[in-house]
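# got a sequence here, can you model it:
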Amino acid sequence: MASTETKDDAAVRGDNDLAGLDALETAVPTDRASLRQTFVAKVLPPLVAVALVLVVWQSLVSFDIVTDPSKLPSPSAVWDEAKTAWLQGTLLDYVWTSVSRGLLGFLLALVIGTPLGLLVARVRFVRAAIGPVLSGLQSLPSVAWVPPAVIWLGLNNSMMYAVILLGAVPSIANGLVSGVDQVSPLFLRAGRTLGATGLRGTWHIVMPAALPGYLAGLKQGWAFSWRSLMAAEIIASSPDLGVGLGQLLENGRNASSMSMVFLAIFLILFVGIAIDLLVFSPLERRVLRGRGLLVRS
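Model (predicted):
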């Protein structure tokens with residue numbers, strides 16, 4: 001007589017089939033996190049950190065630990081400085097002047113650094129010739145490029161973009177070189193077997209496999225772009241350049257206004273964090289999730 005299999009027996013058999021490594025590699029679907037869970041896990045911790053910094057800062061002022069406001073202004077003084085700039089309509093101009101320069105300069109560095117990185121990674125002679133130069137340029141402080149850029153190009157936006165490129169291109173190129181070096185030779189051989197050679201192999205095999213290292217280079221390239229721009233804006237000032245965040249910082253120093261200096265520092269920090277959270281962190285999560293390294297929750 002043929003035996004019938006109940007649902008419970010099938011479930012047990014299914015669990016046994018998933019034993020060992022298969023069970024570890026099987027993703028268990030989970031419900032999407034609620035709004036409260038997302039707030040507690042991702043929003044609340046940075047808010048608590050900011051609150052603690054404000055409490056310590058205000059305590060230093062309130063308990064006369066730092067009595068000279070020219071050295072450490074109160075949080076309310078910095079807030080008043082920001083409020084005044086907002087009412088005058090200049091606060092967003094400060095931010096946009098620097099952000100627009102930084103993003104455009106970074107895109108130019110991306111266009112130049114990506115093919116340069118591929119060339120260095122794939123051609124031995126080019127790597128031997130300019131690979132060490134790129135590493136040396138990456139370690140060179142960006143502020144060192146400001147004086148020659150001013151002499152070569154004058155006080156204009158071209159000078160700003162030149163400093164950004166000299167700071168960001170080596171980081172992007174070296175990041176891509178590092179990513180290409182970590183591509184498994186098996187991928188390359190499989191691609192050649194399937195006919196993916198030359199530019200086709202670079203686009204369909206090399207670039208996707210090198211994406212984690214390339215993305216790390218992009219993040220570092222943006223950091224160098226932003227730092228280079230701030231250095232250029234602090235050192236090179238001209239009415240034709242407008243007032244960016246770096247120039248705002250320098251104006252605060254010239255006016256001995258620590259509240260303006262702190263406002264500029266906070267705005268520079270805010271833009272850097274915002275770009276990372278809004279652009280690079282989602283890209284990084286998507287890349288890791290696509291490779292099975294990040295479980296969707």
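# for stretch 130-149, buried residues please.
Within stretch 130-149, the residues that count as buried by 16 or more other CB atoms under 10 Å are 130-131, 134, 137-138, 142-143, 145-146, 149. For the C-beta atoms, the positions are set from N, CA and C on the backbone; glycine is no exception.
# ignore what I typed, I meant stretch 149-168.
By 16+ other CB under 10 Å, the buried positions in stretch 149-168 come out as 149-150, 159-168.
# identify the farthest-apart pair in those.
V150 and A168 (18.6 Å; CB to CB).
# who's in contact with the closest residue to D276 other than its chain neighbours?
In space, and not counting its chain neighbours, D276 is closest to K219: 7.2 Å by CB to CB, 6 or more residues apart in numbering. Taking CB atoms under 8 Å, 6 or more residues apart in numbering as the criterion, K219 is in contact with 276, 280, 284.
# shouldn't the last one be in contact with G213?
This points to E284. No. If you go by CB atoms under 8 Å, E284 and G213 don't touch, sitting 11.9 Å apart.
# so those two - more neighbours on which side?
Per other CB atoms under 10 Å, whichever of E284 and G213 has more neighbours is G213, with 20 against 17.
# what helix or strand is that one located in?
Per DSSP states H and E: G213 is located in helix 211-235.
# next, the buried residues of that helix.
Residues of helix 211-235 classed as buried: 211-235 (neighbour count, 16+ other CB under 10 Å).
# poorly predicted segments of the stretch 101-250 of the chain, please.
Where the stretch 101-250 of the chain drops to pLDDT under 70, the residues are 196-198.
# now for the nearest residue to L176 once chain neighbours are set aside: which residues touch it?
Leaving aside its sequence neighbours, L176 sits nearest to G117 (CB to CB, 6+ apart; 3.1 Å). For G117, the contacting residues are 172-177, 180, 214, 217, by CB under 8 Å, 6+ apart.
# where does G117 sit: helix, strand or coil?
With DSSP: H, G, I helix; E, B strand; the rest coil as the basis, G117 sits in helix.
# can you give me the distance of it to R36?
Using CB to CB, to the nearest Å, G117 is found at 43 Å from R36.
# count the residues that sit near V279.
So V279, with other CB under 10 Å, has 14 neighbours.
# ok, I273 next?
Using other CB under 10 Å, I273 has 11 other residues around it.
# and what of D240?
For D240, the neighbour count with other CB under 10 Å is 8.
# just give the nearest non-adjacent residue to A231, would you?
Nearest residue to A231 in three dimensions, chain neighbours excluded: V143, at 4.1 Å (CB to CB, 6+ apart).
# wait, isn't the one you found in contact with I235?
Yes. Using CB under 8 Å, V143 is in contact with I235, at 7.0 Å.
# show me where the stretch 1-150 of the chain has strands.
Ranges of strands within the stretch 1-150 of the chain: none, based on DSSP state E, counting those that start in this stretch.
# now the helices for it?
With DSSP state H, counting those that start in this stretch, the ranges of helices along the stretch 1-150 of the chain come out as 7-17, 21-25, 35-38, 44-62, 75-87, 91-122, 124-139, 146-153.
# one more: the stretch 151-297 of the chain?
For the stretch 151-297 of the chain, applying DSSP H, counting those that start in this stretch gives helices covering 157-181, 185-193, 198-201, 207-209, 211-235, 245-254, 258-275, 281-290.
# chain center to the shortest one: distance?
What separates the centre of helix 207-209 from the centre of its chain is 20 Å, taken as CA atoms, centre = their mean, to the nearest Å.
# then the first one?
Using CA atoms, centre = their mean, the distance from the centre of helix 157-181 to the centre of the chain it belongs to is 13 Å.
# helix 146-153 and that helix, what's the angle between them?
Angle, helix 157-181 to helix 146-153, by axes from the mean of the first three to the mean of the last three CA atoms, to 10 degrees: 120 degrees.
# now do helix 157-181: which elements does it pack against?
When contacts are defined as 3 or more CB pairs under 8 Å, 6 or more residues apart in numbering; DSSP states H and E, helix 157-181 sits against helix 91-122, helix 124-139, helix 146-153, helix 211-235.
# could you list the buried residues of the longest one?
Buried residues in helix 91-122, defined by neighbour count with 16+ other CB under 10 Å: 91, 94-95, 97-99, 101-103, 105-106, 108-110, 113-114, 116-118, 120-121.
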